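>>> using only what follows, build the 3D model:
(chains A, B, C, D, E and F)
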Protein chains: 4
Amino acid sequence: MTTAEASREPQQGRSRASYERMLTAAEKLMVKGGNDDFTLTEVAKVGKVSIGSIYLRFDSKDDLIRAVHARVLARIDADQDRMMQKIDEQAATLEDFARAFVDAYAELLKSYSPVLRPIMFRAIYDESISALGRDSAEKLTRQAETQMLRYASEFGRPDHARLVSNAFRMIYYTLARFLGLGSSPEAAHQGNWEEIKEDLAIMCAAFLRAPGPS
Amino acid sequence: MTTAEASREPQQGRSRASYERMLTAAEKLMVKGGNDDFTLTEVAKVGKVSIGSIYLRFDSKDDLIRAVHARVLARIDADQDRMMQKIDEQAATLEDFARAFVDAYAELLKSYSPVLRPIMFRAIYDESISALGRDSAEKLTRQAETQMLRYASEFGRPDHARLVSNAFRMIYYTLARFLGLGSSPEAAHQGNWEEIKEDLAIMCAAFLRAPGPS
Amino acid sequence: MTTAEASREPQQGRSRASYERMLTAAEKLMVKGGNDDFTLTEVAKVGKVSIGSIYLRFDSKDDLIRAVHARVLARIDADQDRMMQKIDEQAATLEDFARAFVDAYAELLKSYSPVLRPIMFRAIYDESISALGRDSAEKLTRQAETQMLRYASEFGRPDHARLVSNAFRMIYYTLARFLGLGSSPEAAHQGNWEEIKEDLAIMCAAFLRAPGPS
Amino acid sequence: MTTAEASREPQQGRSRASYERMLTAAEKLMVKGGNDDFTLTEVAKVGKVSIGSIYLRFDSKDDLIRAVHARVLARIDADQDRMMQKIDEQAATLEDFARAFVDAYAELLKSYSPVLRPIMFRAIYDESISALGRDSAEKLTRQAETQMLRYASEFGRPDHARLVSNAFRMIYYTLARFLGLGSSPEAAHQGNWEEIKEDLAIMCAAFLRAPGPS
DNA sequence: TATGAATGAGTATTCATTCAT
DNA sequence: GATGAATGAATACTCATTCAT
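Modelled structure (predicted):
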């Protein structure tokens, strides 16, 4: 649905199939190169589509890119929902929740990091993309908030919305940055990955529990 | 010194002056455009240097960009040193230190954010740049570590190096991300800036104090 | 009939109607843009016809354009007939006739100038179009000749056909050019329009009366 | 000088030479095709210049075209001056002058018609071109006026400026149109060329002499 | 007949890099 | 050393035409 905003998305049949091939080809090329610097000729070749067909669905290369982004973010969104549901059933204490949440979210981000990198790359200067990312993050913040509030009595400070929002931000930014730096994040950072996750969980609980500056 | 790695840096006289003008012009254009999309023709014009001269010093446009990055990071490095020295003299408690450190570092990053954005932008896919950034961060981590270790007795867990390193990482990544998102971060995020800084300080102290998972 | 030359013109029913819509849509677009730079996709949309249908009737875009031209010229032709008939009833002297003819023809051309401009535009390099235009002009010449010959006794030189033909040419070319130059001829030349008409009438009579070079 | 308006015209040496080759190549291609539909790749090949070089001198293909136009019109202008001077020395009577002027101007236009056709083609919708053409015509009108005024005592009507201006217009438009119609004007109209010139001269004198409508 | 999705050749423009002076 | 004119490969986008349904 969000995908449709920037494109003329055919609903069925052959058209639909070639439309999918375009998006998939573009996504593949984005992952491969780590950025948006693919050419439409490449998309045409990889997706077995003609250049004209691409322009039949998208007004510009930028539109195509945005559609890929939207599709990926929709996928992530769905995964986030599933993730939160699963955590909901498990967590017992604030510490448990923090650990479960950080771990699940970290792995989710990691699994998406190859696609996410070129997206975040562009988000830096394309407001419409960063807005999408923000929406996604905000939704997750609200979901996390709902669950964290079950432990609200243990929070050290009054403004719960702010606490949850900033806790989430620190987790998200740290993980994103960790995964996003360098071109082969796995190789470079693998060693500390488990430690970072553990420490983020500890940080999260400790931060929420921390009393304000006296 | 790091600058010299990717260039033939003249040590004195007229050559030196035009070399400086190249770097300054390129930096100015990077800040202006928020990315690397300037042309060498522009650099030549702004820096009052011939294109040929640029290629006399640098093997490619990429080399020039890397040199600019290195020069900026060197400047930040020096500022970081000054910053750490000043904090050293003030801080009394762990909480004091955390607050002072986060605030000073946040403002330092913010003041450099216009130059830092295009650098971080490129660091996403240019390993040699992200390595430079890592060096700078690691040095700061060591400096912070030295100082934080004065409060080591209050730490909640044994592996102090890891604690300090990850605390710093969370602070740096969160701030960097906060400043880097969108094209006019000030306008977009100004509202939460003071809150973020405060919460990062609280988080930092709480994290260092937090006992490990029992 | 001339229209049929370049097309497969259906004679009746639904086909006929969509055929008309094509021509009308194309003409509308030609007038709107002042040239032939419309796309067949636009014609299809405006005329509520499929692109395939267009190619069912015309071999190429050029054929469609030529058919539009022919249809317009046919319309002009009919108007010319009506015009000449009306003049026939009024004119008393050669001067009267010249004035009446120039004025009527000038206004006729002016009223058609929006459609005529793109046609003349193309006639410059498309021989088949300029031929059509010539046919139309020649027919009018013959009509004018028939009427002018009533004043033949007042002509200054013997070759009446040549006289009439060239008088008409000067009138037609001057008016056409006057209307065709610039993109908003009305605005640009309005001021002299009445003067030009008056002078053309004077010129016409004077030219026909003029004795040959002695 | 007018050429320089739309271009960066080098003043000497090799640059100047390749600049000339660009203009000459473009002009050649314009004459060949009868319009502006040449490609820059063709210009590069014919003019033995790189595409980049073209963009070093001109901001766009349109600028190149305008420069060609300006150069041609400058050439015509010079020829017009020479032509008027020659006529000045010869003409004795109004009829003599008219004949001499029409003949000389007709031949001048005819000799330039291959280049003029694509220029007039574009003048239809490019105001900046039609303005150039108007300037050229107006200058000629003034020159003709100066000379015709020697016969002013023979004019049939008072507003001499208008008389001369409209006489010139009729001559110019008729000749231009005569030469401009069709793609091979020589072949098509050769037969009537001498007659048209003769009749235009007769028309001119007769028109200037004609008394106003009584 | 009628449709309109698919095709892909064709073109203006940019810009890092080279090299003759 | 220094210059900056010249190069040309590379790329987004258009649109007449085709053809499977």
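>>> switch to C-alpha atoms for all contacts and neighbour counts from now on
Fine.
>>> from DNA strand F, how far out is residue A:111?
Applying CA to the nearest atom of the strand, to the nearest Å, one obtains 27 Å for the distance of residue A:111 from DNA strand F.
>>> report pLDDT for that residue.
According to the prediction, residue A:111 has pLDDT 93.
>>> likewise for the one 5 residues further on?
What the model reports for residue A:116 is a pLDDT of 87.
>>> name the element it belongs to?
With the criterion set as DSSP states H and E, the secondary-structure element containing residue A:116 is helix A:94-123.
>>> for stretch A:116-127, the distance to its chain's centre please.
Using CA atoms, centre = their mean, to the nearest Å, the distance from the centre of stretch A:116-127 to the centre of the chain it belongs to is 11 Å.
>>> list the buried residues in that stretch.
Of the residues in stretch A:116-127, those buried under the neighbour-count criterion (16 or more other CA atoms under 10 Å in any protein chain shown) are A:116-126.
>>> compute the number of surrounding residues for whatever residue of chain A ends up closest to chain D.
For chain A, the residue closest to chain D is residue A:41, as judged by CA to the nearest CA, at 21.0 Å. Counted by other CA atoms under 10 Å in any protein chain shown, the residues lying close to residue A:41 total 12.
>>> quick one: it and residue A:51 touch, right?
Yes - under the criterion of CA atoms under 8 Å, residue A:41 is in contact with residue A:51, at a separation of 6.7 Å.
>>> how does chain A divide into domains?
Taking automatic domain parsing as the reference, chain A has its domains at A:2-61, A:71-209.
>>> of the ones you listed, which is nearest DNA strand E?
For those, distance to DNA strand E was read as CA to the nearest atom of the strand. The smallest value, 2.8 Å, belongs to domain A:2-61.
>>> how about the residues of chain A by DNA strand F?
Counting by CA under 7 Å from any atom of the strand, the residues of chain A close to DNA strand F are A:37-41, A:51-53, A:55, A:59-62.
>>> which of the residues you listed fall within strands?
Counted as lying in strands by DSSP state E, out of the residues of chain A next to DNA strand F, is not a single one.
>>> return only those of these found close to DNA strand E.
Checked against DNA strand E using CA under 7 Å from any atom of the strand, the residues of chain A next to DNA strand F give the following subset in range: A:51-53.
>>> what about the residue in chain A positioned nearest to chain C, distance to chain B?
At 11.8 Å from chain C, residue A:56 is the closest residue in chain A, using CA to the nearest CA. In this structure, residue A:56 and chain B are 29 Å apart, going by CA to the nearest CA, to the nearest Å.
>>> same question, residue A:123
In this structure, residue A:123 and chain B are separated by 7 Å, where distance is defined by CA to the nearest CA.
>>> pLDDT wise, what is the residue nearest to that residue when sequence neighbours are not counted at?
The shortest distance from residue A:123 to any non-neighbouring residue, by CA to CA, 6 or more residues apart in numbering or on different chains, is to residue A:130 (4.5 Å). Looking at residue A:130, its pLDDT reads 73.
>>> and chain B, is the host helix or strand of residue A:18 touching that?
Following DSSP H and E, the helix or strand that holds residue A:18 is helix A:13-33. No - among the residues of helix A:13-33, none lie within reach of chain B under CA under 8 Å from any CA of the partner chain; the closest is 8.8 Å away.
>>> can you tell me the element the closest residue to residue A:51 other than its chain neighbours falls in?
With CA to CA, 6+ apart as the criterion, residue A:51 has its nearest non-adjacent residue at 5.6 Å, and that residue is residue A:44. Secondary structure assigned from DSSP H and E places residue A:44 in helix A:40-47.
>>> related to what we said a few turns ago, ok, the ones next to DNA strand E among the residues of chain A next to DNA strand F vs DNA strand F, which is closest?
Sorting these by how near they are to DNA strand F, with CA to the nearest atom of the strand, puts residue A:52 at the top with 3.9 Å.
>>> which residues of chain A score low on pLDDT?
Using pLDDT under 70 as the threshold, the predicted model of chain A has low-confidence ranges A:1-6, A:124, A:180-191, A:214.
>>> try it again with 90
Within chain A, the set of residues satisfying pLDDT under 90 comprises A:1-17, A:33-35, A:87-92, A:113-114, A:116-149, A:173, A:176-192, A:212-214.
>>> show me the contacts for residue A:56.
When contacts are counted by CA atoms under 8 Å, 6 or more residues apart in numbering or on different chains, residue A:56 touches residue A:8.
>>> quick one: the residue nearest to residue A:51 and residue A:55 touch, right?
No - counting by CA under 8 Å, residue A:55 is not a contact partner of residue A:44; they are 10.8 Å apart.
>>> the two: which is more packed in?
Applying other CA under 10 Å to residue A:44 and residue A:55 shows that residue A:44 carries more neighbours, namely 19 against 16.
>>> distance check, the more buried one against residue D:88.
Distance, residue A:44 to residue D:88, using CA to CA, to the nearest Å: 69 Å.
>>> quick one: the residue nearest to residue A:51 from residue A:62, how far?
Taking CA to CA as the measure, residue A:44 and residue A:62 are separated by 15 Å.
>>> so what's the closest residue to residue A:24 other than its chain neighbours up against?
Spatial nearest neighbour of residue A:24, chain neighbours left out: residue A:47 (7.3 Å); criterion: CA to CA, 6+ apart. Counting by CA under 8 Å, 6+ apart, residue A:47 makes contact with A:18, A:21-22, A:24-26.
>>> with residue A:18 instead?
By CA under 8 Å, 6+ apart, the neighbours of residue A:18 are A:47, A:49.
>>> how far away is it from residue A:171?
With the distance defined as CA to CA, residue A:18 ends up 38 Å from residue A:171.
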